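Colleague: Make a model of this:
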Amino acid sequence: MTVNQTIRNHHSVADDALVLNGKRMTIQDVYDVAHHGRSVKISEEAMSRVEAARKLVLELVEEDVPVYGFNRGVGWNKDKVVAPAVFEQFNRNLILSHSSGVAPYATEAEVRAVMVARLNTLLLGCTGSQSTIPVRYAEFLNLGIHPLLPLRGSVGAADITTVTHIGLAFIGEGEVDRGGERLTAVAALSEAGLEPLVLGPKDGLSLICTNALSAGTGALALHECGELLKLADIVFALSLEAIRGNVSPLDEAVHRVRPFPGQLQSLSHIKSLLTGSDLWDSYNPESLQDPLSFRDACQIHGAAYDAFRYTRDQLEIQLNSSDDNPCVIIEERRIISCANYEPVSWTLGFEMLGSALHHISKSACYRTIKLGTPAFTGLSRFLTADESRSIGYCTVQKTITSLDTEIRHLINPASSDYFSLAGDIEDHAANSPFVVAKTREIIDRLHIVLGIEALHAAQAIDLRGGIRLGKGTEAAYQAIRSVVPFLAEDRNLSVDIAQAYGVLKSGELLSRVREALDQ
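Modeller: Okay, the predicted model is just below:
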């Protein structure tokens, strides 16, 4: 019976299943599996590589070639001989002893992202595991069995303390979530008609030596960040409409002589949003220059687009390459000790991206403060509808700047903050899961910051009256006003902020703008 026949016997694979082969998996693919429950299927070509690598492993067992984590121990125990008679116990112990992550636990979407990230890298045939291990990943994904996965405890030199909890569930240990119900792994396996895996040589490391926790959650972070950057363009354009800003910084001629890709991308998007706006007709040549938070938007956002592009490209290399140690090279019949689990390249990308996002946050805060300042708008102080009876957006300036302070501290680098461990053998790490988690926190706070700016922009537009907005900015304005009415008198602003955050975070505002631009 082939492996794919085994998969089909356990569950039906939808026609739109993501076919995995160790290559060409994208950030969007990870998102679809994680958030939309897309099923997965292992390609026959990839399974042939997995089986060829396993055959080589078993042949080398007979030759007694010393191999790390195979017939020798791991970490400081690399000098310990592992005899064939204890392969099963050694690999089982490897899973049990390395399961040392701590709460909080991953969401269902996060677990799925982690599992598909590891499954794809297994299919390169550099691991040497038994074929039932990648099959088990596919089974769990397609059956909706999600191991209880702690998010903290990994130093980011392979996520060995956390992803191991997935291996626990495969062998019938630990707990899982299935359909919102928490149950023991052995019970979930029994209900699904599956047997706990019995591990052999190299199997333990195949479940341990991977950066799948940081890579999988990193893919989710980047998907959200890509949407966030478009939102930043939209909210800026709405504020430019509100302040009746100078459009000369959007002249394509000045950008063509400084053609940074992200800058041009932001420019193109912002100009499309302002299509049809009367800003293009009411340009005041005497204004000359707006504050830098308005004038520099394409450059600031463009830097973030460039940082995003670098990080995405680096992470997609990670998602389609082997991070195994030791690494099986089938063609050369060798298993080679290496450091392919080292994630510092793309981890640095996330740290750079965090800094770029903080520049967006800081500029959004400055624009928001100026929107409440009559000298810049010609409107009422704090955009109040009636200065004799209400206060308006006065204290929201404290809210938005406190969030920016949190973002400022979250961008502090963490990838170089590590200890020398395991008898001074493991003296480098990158703290990748923490760096990714920090980036996700930044992204979440920035949604609130942009939501608060959007509230100010919509209020200013209403107070000004008689404005012809662009196609995109009109859709953005309507999206805000669909959840937050005009501030005619003082009310609980926390409710308004939550509503603005929700319409941005949910993708509703971006969806409306896209639809308007498509029309």
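Colleague: which stretches of the stretch 201-350 of the chain form helices?
Modeller: 203-208, 212-243, 252-256, 261-273, 292-295, 297-319, 344-371 (DSSP state H, counting those that start in this stretch).
Colleague: I'd like the average pLDDT over the fifth one.
Modeller: Spelled out, it's helix 292-295. Regarding helix 292-295, the rounded mean pLDDT is 96.
Colleague: what about the host helix or strand of residue 97, distance to the chain center?
Modeller: Applying DSSP states H and E as the criterion places residue 97 in helix 87-98. In terms of Cα atoms, centre = their mean, to the nearest Å, the centre of helix 87-98 is set 31 Å apart from its chain centre.
Colleague: contacting residues around it?
Modeller: By Cβ atoms under 8 Å, 6 or more residues apart in numbering, the residues outside helix 87-98 that reach it are 69, 74, 82, 160-161, 164, 167-168, 171, 173, 198-205, 207-208. Yep, even glycine has a C-beta here, placed from its N, CA and C like the rest.
Colleague: What subset of the residues you listed is buried?
Modeller: Taking 16 or more other Cβ atoms under 10 Å as the criterion, what is buried in these is 69, 74, 82, 160-161, 164, 167-168, 171, 173, 199-205, 207-208.
Colleague: Filter the residues you listed down to the ones in strands?
Modeller: Among the buried ones among the contacts of helix 87-98, no member is found in strands (DSSP state E).
Colleague: just to revisit the earlier point, arrange the helices of the stretch 201-350 of the chain in TSV, one row each, with distance to residue 478 as further columns.
Modeller: Below are those laid out as TSV (distance: least, Cβ to Cβ, whole Å):
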stretch	distance to residue 478
helix 203-208	50
helix 212-243	11
helix 252-256	28
helix 261-273	13
helix 292-295	23
helix 297-319	22
helix 344-371	19
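Colleague: Mind telling me which of those helices the model trusts least?
Modeller: helix 203-208 (a mean of 91).
Colleague: which other helices and strands contact it?
Modeller: Counting contacts by 3 or more Cβ pairs under 8 Å, 6 or more residues apart in numbering; DSSP states H and E, helix 203-208 is packed against helix 87-98, helix 132-143, helix 164-170.
Colleague: packing partners for the last one?
Modeller: Spelled out, it's helix 164-170. Using 3+ Cβ pairs under 8 Å, 6+ apart as the test, helix 164-170 ends up in contact with helix 87-98, helix 108-122, helix 132-143, strand 145-147, helix 185-191, helix 203-208.
Colleague: would you list those in CSV and tack on distance to residue 395?
Modeller: Shown next, in CSV, are the helices and strands packed on helix 164-170 (distance: least, Cβ to Cβ, whole Å):
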stretch, distance to residue 395
helix 87-98, 49
helix 108-122, 35
helix 132-143, 47
strand 145-147, 42
helix 185-191, 50
helix 203-208, 50
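Colleague: Relative to residue 461, which of those is closest?
Modeller: helix 108-122 (35.9 Å; Cβ to Cβ).
Colleague: Look up phi and psi at the residue in the chain sticking out farthest from the centre.
Modeller: Using Cα atoms, centre = their mean, the residue of the chain lying farthest from its centre is residue 388. It sits 46.9 Å away. Dihedral angles of residue 388 (phi, psi; degrees, to the nearest 10) stand at phi -80, psi -10.
Colleague: Next, the contact list for it, please.
Modeller: Going by Cβ under 8 Å, 6+ apart, residue 388 touches no other residue.
Colleague: Likewise for residue 458?
Modeller: Residue 458 sits next to 238, 242, 477, 480, 481, 484, 486 when contact means Cβ under 8 Å, 6+ apart.
Colleague: for residue 383, same thing?
Modeller: Taking Cβ under 8 Å, 6+ apart as the criterion, residue 383 is in contact with 371, 372, 377, 392, 393, 456, 459, 460, 463, 487.
Colleague: Look up how far residue 399 lies from the third one.
Modeller: Relative to residue 399, residue 377 is positioned 20 Å away (criterion: Cβ to Cβ, to the nearest Å).
Colleague: Please apply the same query to the fifth one.
Modeller: Noted for residue 393: a distance of 10 Å to residue 399, by Cβ to Cβ.
Colleague: Have a look at the two and say which one is more surrounded.
Modeller: residue 393 (25 against 17; other Cβ atoms under 10 Å).
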